[in-house]
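K.L.:
Build me a structure from this.
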Amino acid sequence: MPEWRATGDTELPVAPDETAWDAAEAARRVFTWAGFETDNPDSERAARAFFAQDAEAPELRGSYKLGFADIIDGVLTAVPRGIFAVAGGRGVNQADLPEDVKTQIKSRVRRYYERMERETPESIKSIEDASPSHRTPQIEYKRFPSFVKNINGRVVTGVFAVHGNVDDGGDMSVNGSFAKRLQNGRRRIRFLWNHNSQNPPIATILDVREIDRSELPPRVLDYAPDATGGVQVTREYYENNPLASWVLEAIRKGDIDEMSYAFDVHKFDVQERDGKRVRVLQDVEIFDISDVNWGLNPATAGVKSAFPEAGMTFVDHSEWVVSTVRGYLARAEERAAFRAKEGRVLSAANRERIGNLVNLLAEVQADLQDLLDATAPRANPDDVQKQYARFQAIVARLNGVPIGV
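P.N.:
Have a look, this model is predicted:
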């Protein structure tokens, strides 16, 4: 029996409005990108491009519905026309899905409308009781690098959310936004693997609390210089549990360094920052915290490590390079905007760093073009000669000369 669940990455880069949309072709490219033409399809990757997945058979292409993203220049990208189709008359409302799943999908679609600064259509607006006690949770997911502070046996402490930093999804949480509901609902939070609520937790949460800037590890401040605080979780992984031990060992070796959390926003406002709309989260409720393989946010790929991971495929390596360069550009632009706001310009040292990178990219571009030219498919000389002889024979026959072909 199908077990449909709401999926879809709400923090993908968004293509221009005029980008063409062909759902079938987009799905084909996504499945290829996710390895569905191999013996080891990556269902987690595929789920990022669809708003619904059958968790009972995630390895099947038919287990995905309501696609909205495509592979553009090697990067998974949300396409506005795909999102409009999901919100339209033949989209989520007509899909053969459980009503609770549809409600969660509509929340994700609304998030894209917020990011695109478009008015939410009536077809996907939430219908909720005015009383907060009867409010339907609108579950969202957010992933960041996991900043591990300490590992002691099977107990791991780390920061999984950062305050004061505008993420690529256009959100910024503030100090105190998690505190109230952490105090009241701490016992309901579960620590899972990849948000899989069908299975028991992989660790017991010993402590989860907000911390201020002084308690943030240096790595967090390198990642988010404007951070004002964050949320820290201490959990103990279960013994005699193969999955929990597997995840813990991967964390120790640095192969898993991303966490994600499922949350509901009870209160927020929208502010203009550097010419962009930012959703400032003021009251957030956490449902689960999860270890995950990698972050949904493409910019976090450049934060995970300074080098590509061992065993990375050529396709993944190529995507890693693109994401890293784009992430660096975004960070440089943010730094320049921050300095400009203060009435200053980039320092001479930072300008030199960027200049060195520009020169290196120019050299790499030339080398890669030489590689492409050297490996371009070339015709076999014998085949060319045979085709030319055939052409000459046909011309001769057309002119009445009796030459065999």
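K.L.:
just the helices in this structure please.
P.N.:
All helices of the chain, identified by DSSP state H, fall at 23-33, 43-47, 80-87, 99-115, 179-185, 218-223, 242-252, 301-304, 314-341, 348-374, 381-398.
K.L.:
and these as JSON lines, adding mean neighbour count and mean pLDDT?
P.N.:
Just so you know, the C-beta spots here come from the backbone N, C-alpha and C atoms, and that holds for glycine as well. As requested, the helices of the chain are exported to JSON lines (neighbours: other C-beta atoms under 10 Å; pLDDT from 0 to 100):
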{"stretch": "helix 23-33", "mean neighbour count": "17", "mean pLDDT": "95"}
{"stretch": "helix 43-47", "mean neighbour count": "20", "mean pLDDT": "92"}
{"stretch": "helix 80-87", "mean neighbour count": "22", "mean pLDDT": "95"}
{"stretch": "helix 99-115", "mean neighbour count": "20", "mean pLDDT": "89"}
{"stretch": "helix 179-185", "mean neighbour count": "14", "mean pLDDT": "74"}
{"stretch": "helix 218-223", "mean neighbour count": "15", "mean pLDDT": "84"}
{"stretch": "helix 242-252", "mean neighbour count": "16", "mean pLDDT": "93"}
{"stretch": "helix 301-304", "mean neighbour count": "20", "mean pLDDT": "28"}
{"stretch": "helix 314-341", "mean neighbour count": "15", "mean pLDDT": "71"}
{"stretch": "helix 348-374", "mean neighbour count": "10", "mean pLDDT": "85"}
{"stretch": "helix 381-398", "mean neighbour count": "11", "mean pLDDT": "75"}
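K.L.:
mind checking which of the ones you listed is nearest residue 59?
P.N.:
helix 43-47 (6.0 Å; C-beta to C-beta).
K.L.:
And that closest one, how far out from the chain middle?
P.N.:
In terms of C-alpha atoms, centre = their mean, to the nearest Å, the centre of helix 43-47 is found 11 Å from the chain centre.
K.L.:
Next up, the contacts around residue 197.
P.N.:
Counting by C-beta atoms under 8 Å, 6 or more residues apart in numbering, residue 197 makes contact with 190, 288.
K.L.:
re earlier: what's the closest of the helices of the chain to residue 280?
P.N.:
Here helix 99-115 is closest among those (C-beta to C-beta), at 12.4 Å.
K.L.:
which other helices and strands contact the closest one?
P.N.:
Where contact means 3 or more C-beta pairs under 8 Å, 6 or more residues apart in numbering; DSSP states H and E, helix 99-115 is packed against strand 4-6, strand 50-54, helix 80-87, strand 140-145.
K.L.:
can we see that at 10 Å?
P.N.:
strand 4-6, strand 50-54, strand 64-67, helix 80-87, strand 140-145, strand 171-173, strand 258-273, strand 276-292 (3 or more C-beta pairs under 10 Å, 6 or more residues apart in numbering; DSSP states H and E).
K.L.:
mean pLDDT for these: which is lowest?
P.N.:
Within these, confidence is poorest for strand 140-145, with a mean of 77 (mean pLDDT).
K.L.:
Now residue 277: closest residue in space, sequence neighbours ignored.
P.N.:
Spatial nearest neighbour of residue 277, chain neighbours left out: residue 270 (5.5 Å); criterion: C-beta to C-beta, 6 or more residues apart in numbering.
K.L.:
what about the one you found, distance to residue 276?
P.N.:
According to C-beta to C-beta, to the nearest Å, residue 270 stands 10 Å off from residue 276.
K.L.:
Now do the shared contacts for those two.
P.N.:
117, 170 (C-beta atoms under 10 Å, 6 or more residues apart in numbering).
K.L.:
circling back: make JSON lines from the helices of the chain and add distance to residue 200 to it.
P.N.:
Output for the helices of the chain, formatted as JSON lines (distance: least, C-beta to C-beta, whole Å):
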{"stretch": "helix 23-33", "distance to residue 200": "31"}
{"stretch": "helix 43-47", "distance to residue 200": "20"}
{"stretch": "helix 80-87", "distance to residue 200": "33"}
{"stretch": "helix 99-115", "distance to residue 200": "21"}
{"stretch": "helix 179-185", "distance to residue 200": "19"}
{"stretch": "helix 218-223", "distance to residue 200": "30"}
{"stretch": "helix 242-252", "distance to residue 200": "9"}
{"stretch": "helix 301-304", "distance to residue 200": "28"}
{"stretch": "helix 314-341", "distance to residue 200": "31"}
{"stretch": "helix 348-374", "distance to residue 200": "47"}
{"stretch": "helix 381-398", "distance to residue 200": "63"}
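K.L.:
between those helices, which one is nearest to residue 166?
P.N.:
Set against residue 166 and scored by C-beta to C-beta, the helices of the chain come closest in helix 314-341, at 8.4 Å.
K.L.:
Report the contact partners of residue 40.
P.N.:
Per C-beta under 10 Å, 6+ apart, neighbours of residue 40: residue 59.
K.L.:
Go through the helices of the chain and name the closest to residue 209.
P.N.:
Of all these, helix 179-185 comes closest under C-beta to C-beta, at 6.3 Å.
K.L.:
Lovely, talk soon.
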